[in-house]
Structures are given as C-alpha cells and as structure tokens.
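Colleague: Predicted structure and sequence below. I'll ask about it afterward.
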Amino acid sequence: MRRRKIALLVVAAIGVLLALLLPQIGGDYYVYIFALVFTNVILASSLRPSLTCGQLNIGHSGFMSIGAYTSALLAKNLGFPFEISLLSGALLATVVGLAIGYPALRLRGVYFAMVTVAFVEVIRLIAQIWVPLTRGMSGLSGIPKPSLLGMTLTTKAEQYYLVLFLMLVILLVLWRLESSRLGLIWKSIGMADNLAQSLGVDIAKHKLVAFALGCFFAGVAGAFYAHFVRFLFPPEFGFLMATNILVYNFVGGRGHFAGPIVGAIFLSLLSEPFRGSAYETIFFSLSMLLTILFLPGGLITLPSKLGGLRWWRTAPAPAPRPVG
Amino acid sequence: MTASLLVQSAIIGLSIGSIYILMALGLTLMFGMMHIINFAHGAVYMLGAFVIYYVYFQWGAPYFAAFLAAMLLLGIFGYLVERGIYRPIGGGIEPTLVALLALSTFLEAAGYPVFGQLDKHVPQVFEGTRNILGVMISVERLMIIPIAAALVVGLYLFIAKTKIGAAMRAIEQDKEAAALQGVNVHVINGLAFAIGFALAAASGALIAPIFKLDPMMGDQPLLKAFIIIILGGLGSIPGAILGGLMLGLIDSTVATALGAEPAFLLSFVFIILLLLFRPAGLFGHAPP
C-alpha cells in the first residue's frame, strides 16, 4: 500500500511539473485545450463527494451554468473585479444547490437523479428565456478577461496558469476532505445509509454538505470558463455536459480519488478531434457503456487488472498436481 | 380565456396527456419491477417516430402496419437491452441508470449521422377536423385518445389477467419469492423492458404526424414522464394515468396562457414543492 502511495505521488508530481512547463513546450493550441481539460477535471472531481454519498447527480452542469452566467454578467454589466465575480458565481451556485438539494436529497437514488435531470433543463430554459439579461440563444459575448488584483490576464498562457492553480487548490481541498473523517462518513453513507444513520450519522446534513460543496466548485469552474472562452450559449450547459461530467467519474473509476481526474483528462483529450460534433457524444456514450459492462471499476483499475493477467509474461505456473 | 379556448385546450391537453401516459406507464412498470428508471425512454420514443417516417411515409406502408412495426421492432430492442445491458450489470441500480443514460445519449447522437441533420416531417394520417362543443379540433389529435386508451386497457388486462402479468406482479412484490415459485425473473424482466419500449415507441409513432422529427425530440416527453411518475408515485400505474392526465391538462392550459417554456418551469416548481411536502407522490406508496 505504501509503495502504491509513493508511486501515485511521483506520478502526480510529474503531472504537475509537465503542466507547469506546458506553455513553454507547446503552442497556444495546447494551452487552450489543457485549460479546458483542467476545467473538466474540476467539474468531475467536484461531483465525487456527492457520488460517494450515493447520490446520482445528473445536473452538475446546471450549477456550472449559474456560476458562469453570474460571474460573466457581474463583471460585464457592473464591472466587478474577477475575484469577486467568480466568488459570487460560486456562492450563487451553492445557494441554488442548497435550495434544490434540501428537498431533493431527502429522496434516494432514482428520485434524486430525475430531479437533477429536470433541474438542468430548467436552468437551460431560464438562460434561454431571460433574453434581456442573458441574451438567450444569441449567446452572451463581450465577457471581460480574468484579472488578478487589478491586473488583467491577457494571454492564454496566463489564464492557463490561473486555472491550473485553481484546479490544484480545489483538488487539494477535496483530497484533504476525502481523507478526513468527513470522507469516511460520506463513504459510509454511500455504502449503507441505514447503517450509518443507526450509528448516529446525520445523513441528510452530510449529503447536503457534499452536494453544496460540489455546487460551489462547479460554480468556480463555470466562472473561469465564462471569462476564458468569453462566450456563453445556454444549450452548452445542458443535459449532455451533465452526462459527460458523470461519464468522467464512471470511466475514470469510482473507487479512488484519482478516478475522475484520469477520466476527465483521458476522455477530454481523446474526444478533442471531434469536439462539438455528434461523434463526440457517440464516443462518450460508447466509452461509458463499454466501461460499465467490461471494466466496472473504471480506468484506474486497469493497471492492476493487467498486472493480474500478466499476459506479457510467461504462462502462469501450472496448478500443483496431487502427488501419487 | 374564453370558454371555447378552454374546451380546446382541454381536448388538446387530453390528447397530449395520452402521449405522456403511454410514456409514463412503461417507466413506472419497469421501475416497479426492477427499481430502475429507463433514461433511454425518450430515445425510444424518437425511434418510434422515425419508424413511422420510414415505414409509413418513405416506403408507403399503411399507417397501422407502420405503427405495429414500430412497437414490435422497439419491443424486440427492449428485450435485447435487458439481455445485453441490464442482465450483465447484475442488478446494481446506479451502474444500470448510468448505462441507460449512455444508451440514450448514444441513440440520440447517432440519430444525426443516420437520419440526417434536417428536421423531418410526416404527412397527415387522419385528415380533417371535427366540431366538438363548438370547437374545431383536428382528427389527428383526436385519434390519439382512443388509440392510447386501447393500449392502456390492453396493458391493464395483460397485467391483471395473464400468467405473465401475474409473474410481473409477483416480481414487483418480491423478486426472490417469485423466483422461488418458479418465475423466470430474467425473461419476465426482459418482457417488461419490451413492453415499456413498445409503449414508448407507440407514443412516438402517434406523435410523428403532428410534431417535427429530430433526434432530440424525446427529451421533453421524457422529462414530462419523469414529472408524471414523481407526481403519481413511482411504480404506481393508476398514479401514472392520473398524473399524465393532470400534466396534460395543466400543460395545455398554462401553455395556451403563458407559452410552453414557462409551463415547463411551472411544472418543475410544482414537483419541487410536492417533493418537499409529499415525497411519495400524490397516489404512491413511500419511496423504497
């Protein structure tokens, strides 16, 4: 176990190092793509606490949309500095999450899943109908670039470092929480909520906290996305994106903190050639189906599975024969 | 709103409500037996409509033959989905939901390259209008009501009177006990998938001559069906019928007064309130 942990830390350190060097190695194209990949990593990982509690949230992109529109409109119309508009977007996403989550989280499994699906449609419809504010289907453009302490981050590379920093901080927070007592409580709720409740865990409260935490970070991701891409279009944050966030978690693997990170990086990069076309969705849904049917633990279980097979070595030792 | 407008929206509400009921019945039947929600229901509705487009409009078969073909083809597809996805997963609710979600997005996305990017239209099947209480209603919309009613009665008789129906009720009550009594749970679950898919295909086939066809056309009816079964209580067949009628009527009256999108927002707010105060739905038993 200890060796595995060290190996994991080494992989993470190499990953961070490569991410830091990327703007020096690659061109603007890679900087742009990886900034979006990191946004996806934030989205995927922020869904994990809620999933660990056994809540199938198929509406996560709705909270991203709230964060994106709030931050964009505050900065564009009222001239809020980026730090404050980002925080306001994330907070509003959390407040809406609490309002939806309070009634919905008392429900289990499928009820909750259905409410979140309807929720993401409602958010999309509001963004579409409220034309005076959101510009509806013409899309919201002219969103200011992100800034820090009054200095505008003009180049994509600067904005890339911003999202890299945001992602690392959020991952660190989520990781600390998951390895704390709270993480154990979440796990216990996901495995057997009746048992957890009988041991004195306030399951409704903990589910709500896990859910609201995810909404906050989804709001952060949305706010960054708004100021990075600088164009918002309501259908972007629909049902499909919500499904994709779920797909990152399942394809990457549910059993480990690295699962959604691996899933988001792997799938976002592989689907990059056909981004925006129907083939992107076909690719996502097929990888989801194949993973669930043939690799239920997700991609992160692949190394140990291959190790168990040892297909590249000699045949396994023959079973001992009874003597005599 | 004048009286004639009210009558008109009531009748249109009844016919749209019938479509919702057919969608919701399959969902609630499958939920009652397997505790899963078929997220692919909207995609199956879409496929049902496209079967009508090809078999009735393009190949010129009679409408009712095309209608039966849609139910049969997608019924077989439903059985295969049980065989190829539900059964191998082995009963885990969460992976099953996610797999059905993936199936749904796959079918919808694949619809674009297969059926083409442009919206499709199916010409009228039943021509003309009828005068009902002083309001002119197109026969196309009126015909939905008896056909849907026949399917609902057929489903009721099938579940209440046949041996397979009894097996379905047994699985709904207690899967293990049903298996011990010699019910082949896998096959009966497969039949429930087939029936649910066939009903969704039927509603798509009924709507095909009225609305335009595109691969995403099933999303809205799917959400409506979700709202209906939450309203009626998951697993409850009378709840699905009453919920469908209610939502159809609310939908058409509010939509006439305010527009379709506010009507959807309103029904969602209603659901959130209902979940706050009566989580089991209006007619249902406590959530499992």
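Modeller: Nice, I can see it.
Colleague: Helices along the stretch 51-200 of chain B, start to end?
Modeller: B:63-81, B:87-89, B:93-115, B:139-161, B:163-173, B:175-180, B:185-207 (DSSP state H, counting those that start in this stretch).
Colleague: so which of those is the most packed in?
Modeller: helix B:185-207 (a mean of 25; mean count of other Cβ atoms under 10 Å in any protein chain shown). The C-beta positions use only the backbone N, C-alpha and C, and glycine is treated the same way.
Colleague: Next secondary structure element downstream of that one?
Modeller: Downstream of helix B:185-207, the next assigned helix or strand under DSSP states H and E is helix B:219-232.
Colleague: A:Ala218: neighbour count?
Modeller: Using other Cβ atoms under 10 Å in any protein chain shown, A:Ala218 has 31 other residues around it.
Colleague: I misspoke; the intended subject was B:Gly90.
Modeller: B:Gly90 has 9 neighbouring residues, counting by other Cβ under 10 Å.
Colleague: Which parts of chain A belong to which domain?
Modeller: Chain A breaks down into these domains under automatic domain parsing: A:43-236, A:238-300.
Colleague: Can you report how many residues lie near B:Gln58?
Modeller: The number of residues near B:Gln58, taken as other Cβ under 10 Å, comes to 11.
Colleague: Report the separation between it and chain A.
Modeller: For B:Gln58, the distance to chain A equals 22 Å [Cβ to the nearest Cβ, to the nearest Å].
Colleague: next one: B:Asp219
Modeller: From B:Asp219 to chain A the distance is 7 Å (Cβ to the nearest Cβ).
Colleague: Can you add mean pLDDT and give the domains of chain A back as CSV?
Modeller: Shown next, in CSV, are those (pLDDT from 0 to 100):
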stretch, mean pLDDT
domain A:43-236, 87
domain A:238-300, 87
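Colleague: Minimum distance to B:Thr129: which of the ones you listed has it?
Modeller: domain A:43-236 (31.9 Å; Cβ to Cβ).
Colleague: sorry, back to before: of all the domains of chain A, which one is nearest A:Ala7?
Modeller: Per Cβ to Cβ, nearest to A:Ala7 of the domains of chain A: domain A:238-300, 11.4 Å.
Colleague: I'd guessed A:Leu8 sits against A:Phe257; true?
Modeller: No: counting by Cβ atoms under 8 Å, A:Leu8 sits too far from A:Phe257 to count as a contact (9.3 Å).
Colleague: Who has more neighbours out of the two?
Modeller: Taking other Cβ under 10 Å, A:Leu8 and A:Phe257 do not tie; A:Phe257 has more neighbours (18 against 13).
Colleague: For the more buried one, give me its contacts.
Modeller: With contact set as Cβ atoms under 8 Å, 6 or more residues apart in numbering or on different chains, A:Phe257 has these partners: A:45, A:48, A:174-175, A:178.
Colleague: out of those residues, which is most surrounded?
Modeller: Compared across the contacts of A:Phe257, A:Ser45 has the highest neighbour count, 30 neighbours, by other Cβ under 10 Å.
Colleague: List the residues that contact it.
Modeller: Per Cβ under 8 Å, 6+ apart, neighbours of A:Ser45: A:170-171, A:174, A:217, A:257, A:260-261, A:264.
Colleague: A:Phe119 too?
Modeller: With contact set as Cβ under 8 Å, 6+ apart, A:Phe119 has these partners: A:59, A:62, A:100, B:268.
Colleague: Skipping adjacent residues, who's closest to the first one in space?
Modeller: The spatially closest residue to A:Gly59, leaving aside those adjacent along the chain, is A:Thr116, at 3.3 Å (Cβ to Cβ, 6 or more residues apart in numbering or on different chains).
Colleague: Quick check: residues of the stretch 1-150 of chain B near chain A?
Modeller: B:31, B:35-37, B:39, B:85, B:88-89, B:93-95, B:97-99, B:101-106, B:108-113 (Cβ under 8 Å from any Cβ of the partner chain).
Colleague: ok, 7 Å please
Modeller: Neighbours of chain A within the stretch 1-150 of chain B, by Cβ under 7 Å from any Cβ of the partner chain: B:37, B:88-89, B:93-95, B:97-99, B:101-103, B:105-106, B:109-110, B:112-113.
Colleague: Tell me where the stretch 201-324 of chain A has helices.
Modeller: A:203-229, A:239-252, A:258-270, A:278-294, A:302-309.
Colleague: by how many degrees do the longest one and helix A:239-252 diverge?
Modeller: Our comparison of helix A:203-229 with helix A:239-252, counting by axes from the mean of the first three to the mean of the last three Cα atoms, to 10 degrees, yields an angle of 110 degrees.
Colleague: shaky segments in chain B?
Modeller: By pLDDT under 70, the weakly predicted segments of chain B are B:1, B:276, B:279, B:282-288.
Colleague: ok, back up a step: of the contacts of A:Phe119 - the most surrounded one?
Modeller: For these, neighbours were counted using other Cβ under 10 Å, and A:Gly62 has the most, 33 neighbours in all.
Colleague: my guess is it meets A:Val117, correct?
Modeller: No: using Cβ atoms under 7 Å, A:Gly62 makes no contact with A:Val117, being 9.8 Å away.
Colleague: shared neighbours, those two?
Modeller: Shared contacts of A:Gly62 and A:Val117, defined by Cβ atoms under 7 Å, 6 or more residues apart in numbering or on different chains, are absent.
Colleague: returning to that earlier point: could you dump the contacts of A:Phe257 into a markdown table and include secondary structure?
Modeller: Below are the contacts of A:Phe257 laid out as a markdown table (DSSP: H, G, I helix; E, B strand; the rest coil):
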| residue | secondary structure |
| --- | --- |
| A:Ser45 | helix |
| A:Arg48 | helix |
| A:Leu174 | helix |
| A:Trp175 | helix |
| A:Glu178 | helix |
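Colleague: Quick check: closest non-adjacent residue to A:Gly214.
Modeller: Closest to A:Gly214 by Cβ to Cβ, 6+ apart is A:Ser46, at 4.5 Å.
Colleague: For the one you found, pull up the helix or strand it's in.
Modeller: A:Ser46 belongs to helix A:28-52 when assigned by DSSP H and E.
Colleague: next one: B:Leu22
Modeller: If you go by DSSP H and E, B:Leu22 is part of helix B:3-34.
Colleague: Show the secondary-structure elements that that helix is packed against.
Modeller: Helix B:3-34 sits against helix B:41-51, strand B:135-138, helix B:139-161, helix B:163-173, helix B:185-207, helix B:219-232, helix B:237-258, with contacts defined as 3 or more Cβ pairs under 7 Å, 6 or more residues apart in numbering or on different chains; DSSP states H and E.
Colleague: for chain B, what are the nearby residues on chain A?
Modeller: Selection of chain A residues close to chain B by Cβ under 7 Å from any Cβ yields A:56, A:58, A:103-104, A:106-111, A:113-115, A:117-118, A:121-122, A:125, A:129, A:239-240, A:243, A:246, A:250, A:278, A:281-282, A:285-286, A:288-289, A:292-293, A:296.
Colleague: ok, now which ones touch A:Thr152?
Modeller: A:Lys145.
Colleague: ok, it to A:Leu162 distance?
Modeller: Using Cβ to Cβ, to the nearest Å, one obtains 11 Å as the distance from A:Thr152 to A:Leu162.
Colleague: ok, now which ones touch the closest residue to B:Phe67 other than its chain neighbours?
Modeller: Leaving aside its sequence neighbours, B:Phe67 sits nearest to B:Ala205 (Cβ to Cβ, 6+ apart; 4.9 Å). B:Ala205 makes contacts with B:48-49, B:51-52, B:67, B:70, as judged by Cβ under 7 Å, 6+ apart.
Colleague: re the thing from before, burial check on the residue nearest to A:Gly59, number of neighbours?
Modeller: Neighbour tally, A:Thr116, other Cβ under 10 Å: 24.
Colleague: Just confirm it contacts A:Ile58, I think it does.
Modeller: Yes: between A:Thr116 and A:Ile58 there is a contact at 4.9 Å, judged by Cβ under 7 Å.
Colleague: returning to that earlier point: and the helices of the stretch 51-200 of chain B as CSV, adding distance to B:Leu213?
Modeller: Formatted as CSV, the helices of the stretch 51-200 of chain B follow (distance: least, Cβ to Cβ, whole Å):
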stretch, distance to B:Leu213
helix B:63-81, 13
helix B:87-89, 31
helix B:93-115, 8
helix B:139-161, 15
helix B:163-173, 32
helix B:175-180, 38
helix B:185-207, 9
